[in-house]
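Trainee: Predicted model and sequence below, questions to follow.
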Amino acid sequence: MANPNDDYSDIVSRRQFVATAGASGAAALAGCGGGGSGSGSNGGDGSDGSDGGDGSGVIDTALVGATNNGVPSNLHVNPMGTQNYDWIAGNHIFERFAAYNFSTKEFELAGLDEWSFEETTVTLTLRDDLTWDTGDDVTASDVIRQFRLMEKTGSALWDYVESVEQGGDDKTVVLNLAEPTNPEIIKHTLANGDLRIHAYGPVYEEFVDQDASAVQEFKWEEDIHGNGPFNFEEKRDQGWTLTRNESFHSADNVNFSTYELLTRTDNTALQQGLLGGELDVVTSLFTPPTTVANFPDRVEEVQLPAKWGYGALFNHNDEHFGKREVRQAVAHVINRQQVAENAGPRTKDPAPKVTGIAPADQETRLGDRFDSFESYGMDASQTEEAASLLREAGYSKSDGKWRDGDGNALGGEYLTPAGWTDWTTATNTVVDQLNSFGFDFDINSLPIGDFFSRYIESNFTMGALYWLPGGARSSFPYFPLRWQMKIPDISGGHGFTEGEKTVPAMDGSGEMTIDPLEEIKTVATTQDEAAARETIQRVAWHHNQNIPVLSLVGKVDQSWLTDADWDVVGPDDPARGVKWPSHWLPKQGKLSATE
Amino acid sequence: MKPTETDSTAVDWRGDSASSPDVTRRERLKETYEARVRTPALVAWSDWRTRFGLLIIGGYVLMALVAVLGLWREPSTSQAPRLLGPFADMSYPLGTTQSGVDLMALIIHSTPTILILITAGAVWATLIAVVIGTVAGYKGGSVDRGLMSFSDLVMAIPGLPLVIILAVTLNPENPVVLGVIINISYWAGLGRSLRSQVLTIRENNYVEASRTMGISTPRIIVKDIIPNLMPYITVNFVFAARYVMFASVGLYFLGVLPYSAQNWGVTLNFAYSNGALFSWQAAHWLLAPMIAIMGLSLGLILLGQGLDRVFNPRVRTRMAGESKSTVADDDDDTVTEVF
């Protein structure tokens, strides 16, 4: 989902959304691409830490970051809490299973030593030296306890897993799957941004026999024990103080004593912190180009794909926008390049093709077929194509507006969430383009609660919505392609119907019939890569022709480091590709105090 | 309590006209014009603040006209180069935004809505306050207790959260409705202070005289009470208008209010979140709406202060040349100080 550290912190899953009426909820954003602990796979990185040494080389200094999830006094570190969990702090305190590297596009193991996949079993082996800060081992039973709790809370993992059990020793966990499942899906689920190994026995055991709400309402504020690179020291109104965890498996990589996370309420305050040198790192922060240009040299930007971004949603139950020709006409009219440049020239990428695959992944996933996909004019308003499509569908233009047979102008309200300023800019651009072509749209900017309600109730014509579910797993097309048809975030309020669809054939001759939802489901259960690839391309083609959701631009996340007092690895180092650098780099020994 | 009169216009209770029973209709109209229009206008105009305030507000009305008549282009994305500085290209005198919108167009086309908004809000707040305050103060008794309990109740509700909740629930896009919502509870405080003023005024001899003569309550309130409150009401009208403007800009800035077109508050918000605070390159984006807001606010304050003289009896009579006692008085600033 969203990256909770920017304007979109209000996005929560629908369930939580309904519960909290759109307020806060940043804490609930597990799976939003946060992340950042765990050592390199196989512990191989331990040797290149700059301090070497056995802890004696630790410098008494603090790395200063920030949290914008609220006032720490009111926050806690129970990752299963649906409210007020501060993932920015929690992700330092707990180790993750694995991480997805956005640069290498590969997984890196962190708390796991090994994972192996067979038909219907997945075997996870924990690192031998993964311990709680009490010195006790993190064992299979800790992980099993956590998975059982995750079953209660409805975690996505349990869409595939049927049962969990201990393997041959107390560091091995076996997941029994309901049916053969594509390993990539399980990997993405386990490497999900904010999923951490946290179910410390003395604290979590009592919740195993209680309802899900018990663990979801639990605020972990005392007796906090983790297994990550930093320990909880204290929290106050002004921030969190975390200290180096000596018993962390790669503690040698961390050569500084303290990690401070200061309370900062909004983007401007965070930008100010970087400008003034008060903050050393910021996990994720949208910063406009004019401000970036003013940052001093010591500030370094790390750009990471969000696999998320601004798209346009159609109501498929609408008598006009339910028609494929009208949706295609809209796609032709919108100049995606212009939308990207208006809304954020440095941080938005237009989607090269309109389909349910993240912009950066389209070429690799579509292979040779990439060129045959309709682009609908990425950097142009293709008004002629749009006009002929509308005429075909029985509309005609009079008084500067396209009208149906009864003379009603084609358009209506275009919904956009209030307060998401870059989205509003994108919406303004899109609506200006559509209206100058001859649609008749009015922007309706709604508070986030109303905005989602209108979609959930299917009470809209067209509007803005992210077109990818976000997070590392959006890089596996199975997730976004399926998501675009179901959109659980709005309970499928866009009204895309299941069943067979007829679209032009991929080779350009004749037509093909496809049941996109059924076909994409096979990708989840196949372990045959070639078959999965073929299916993905077929479904992507359907999305390209039928447009369940209109893909417009992809967002780039910005993470910030400073190198005045810190040794930071260079821009070429792939370790920067794991979210978030402020979490991942210190424990890899790639962000250390200068001696 | 109930008047004995049958036709209130037949009762001529003013001392000055009692000696001239043969005034024609024409003369009466002329007199009314003198008393109600010309003299106040002269008095008001004699103050530089009125002139300046009117000039400023006139400027805004003119801007609104330009927008309504379509004499300046509508704001639209990508209509100009992005982030053009002010006066860099005279076809976009105030410069442009990140998405290539002409700032001048933004400011001009926001003006009509803002003017309607603040007028609606101010009229609503003062009207309710005057009615409730004077009736409660004049009638007293259970009417007073009832009305004041009600306004205490309204005052006790925290204003801003209430406005936010109403804005979110009702989703008002019509500026008139929005103005009323923003000032939904503004009248309460004003009403209460008007009431306390009425309490003193109603004990005056002339009010008592009117009452004894059997003049009807509404007429006493309109003729004897409200004119004495006018300075206070006018100044508060202007305050209410400024409050609506600031509150609406603030709420737009926070993204609480729905909108279909950009306006000053929304523009401020965009500028703020796009780094205009940290960079000269985008500073004009923040400054243009700020200056527009400050200008209108200044115009309203000046007008309010200037109009104050109209209702100040001492200044009024002197300006109209009816009072000799004050002519020699050089001290011009006997106007109720507002600030």
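Mentor: Noted; the coordinates are in hand.
Trainee: Around chain A, which positions in the stretch 101-250 of chain B sit nearby?
Mentor: B:101, B:168, B:171, B:173 (C-beta under 8 Å from any C-beta of the partner chain). Where you see a C-beta, it was placed from the backbone N, CA and C, and this is true even at glycine.
Trainee: Select, from the residues you listed, the two members most distant in space.
Mentor: Greatest spacing in these, by C-beta to C-beta: B:101 and B:168 (26.8 Å).
Trainee: neighbour-wise, which of those two wins?
Mentor: The neighbour comparison of residue B:101 against residue B:168 (other C-beta atoms under 10 Å in any protein chain shown) goes to residue B:101, with 28 against 16.
Trainee: I figured that one was touching residue B:73, is that so?
Mentor: No. Contact between residue B:101 and residue B:73 fails when scored by C-beta atoms under 8 Å: they sit 10.2 Å apart.
Trainee: Touching both of these two, which residues are there?
Mentor: residue B:79 (C-beta atoms under 8 Å, 6 or more residues apart in numbering or on different chains).
Trainee: Is residue B:194 within a helix or a strand, and which one?
Mentor: helix B:187-201 (DSSP states H and E).
Trainee: which residues sit against that helix?
Mentor: With contacts defined as C-beta under 8 Å, 6+ apart, helix B:187-201 is touched by B:124-130, B:132-134, B:136-138, B:144, B:147-148, B:151-152, B:154-155, B:207, B:224-225, B:228-229, B:232-233, B:236, B:240.
Trainee: quick one: the helix or strand following that helix to chain centroid distance?
Mentor: Downstream of helix B:187-201, the next assigned helix or strand under DSSP H and E is helix B:205-212. Taking C-alpha atoms, centre = their mean, to the nearest Å, the mean C-alpha location of helix B:205-212 is offset from the chain mean by 31 Å.
Trainee: Just list what helix B:205-212 packs against, helices and strands only.
Mentor: Here helix B:205-212 touches helix B:217-220, going by 3 or more C-beta pairs under 8 Å, 6 or more residues apart in numbering or on different chains; DSSP states H and E.
Trainee: from the middle of its chain, how far away would the helix it packs on be?
Mentor: Put simply, helix B:217-220 sits 25 Å off its chain's centre (C-alpha atoms, centre = their mean).
Trainee: Number of residues surrounding residue A:417?
Mentor: Neighbour number of residue A:417 under other C-beta under 10 Å is 25.
Trainee: Indicate the residue of chain B located nearest to chain A.
Mentor: Chain A sits closest to residue B:255 of chain B, with a gap of 3.1 Å, by C-beta to the nearest C-beta.
Trainee: who touches the nearest residue to that residue once chain neighbours are set aside in this structure?
Mentor: Among residues not flanking residue B:255 along the chain, residue A:419 sits closest, at 3.1 Å (C-beta to C-beta, 6 or more residues apart in numbering or on different chains). Contacts of residue A:419 were listed using C-beta under 8 Å, 6+ apart, and they are A:7, A:447-448, B:254-255.
Trainee: Pick out whichever of the residues you listed sits closest to residue A:230.
Mentor: Set against residue A:230, the nearest of the contacts of residue A:419 by C-beta to C-beta is residue A:7 (27.5 Å).
Trainee: which element is the closest residue to residue A:306 other than its chain neighbours on?
Mentor: Spatial nearest neighbour of residue A:306, chain neighbours left out: residue A:555 (4.1 Å); criterion: C-beta to C-beta, 6+ apart. Element membership for residue A:555, per DSSP H and E: strand A:553-562.
Trainee: Which positions within the helix or strand that that strand is followed by qualify as buried?
Mentor: Note on strand A:553-562: by DSSP H and E, the next helix or strand toward the C-terminus is strand A:566-568. Buried residues in strand A:566-568, counted by 16 or more other C-beta atoms under 10 Å in any protein chain shown: A:566, A:568.
Trainee: Then stretch B:59-71?
Mentor: Under the neighbour-count rule (16+ other C-beta under 10 Å), stretch B:59-71 has B:60, B:63-64, B:67 buried.
Trainee: Return a PyMOL selection command for the buried portion of the contacts of helix B:187-201.
Mentor: To isolate the buried members of the contacts of helix B:187-201 in PyMOL, using 16+ other C-beta under 10 Å:
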select buried, chain B and resi 124+125+126+128+129+130+132+133+134+136+137+138+144+147+148+151+154+155+207+224+225+228+229+232+233+236+240
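Trainee: quick one: low-confidence ranges for the stretch 151-300 of chain A?
Mentor: For the stretch 151-300 of chain A, no stretch has pLDDT under 70.
Trainee: can you give me the helices for it?
Mentor: For the stretch 151-300 of chain A, the helices defined by DSSP state H, counting those that start in this stretch occupy A:183-190, A:201-204, A:212-217, A:267-276, A:289-294.
Trainee: CSV for the ones you listed, including distance to chain B?
Mentor: Formatted as CSV, the helices of the stretch 151-300 of chain A follow (distance: least, C-beta to the nearest C-beta, whole Å):
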stretch, distance to chain B
helix A:183-190, 32
helix A:201-204, 37
helix A:212-217, 26
helix A:267-276, 6
helix A:289-294, 4
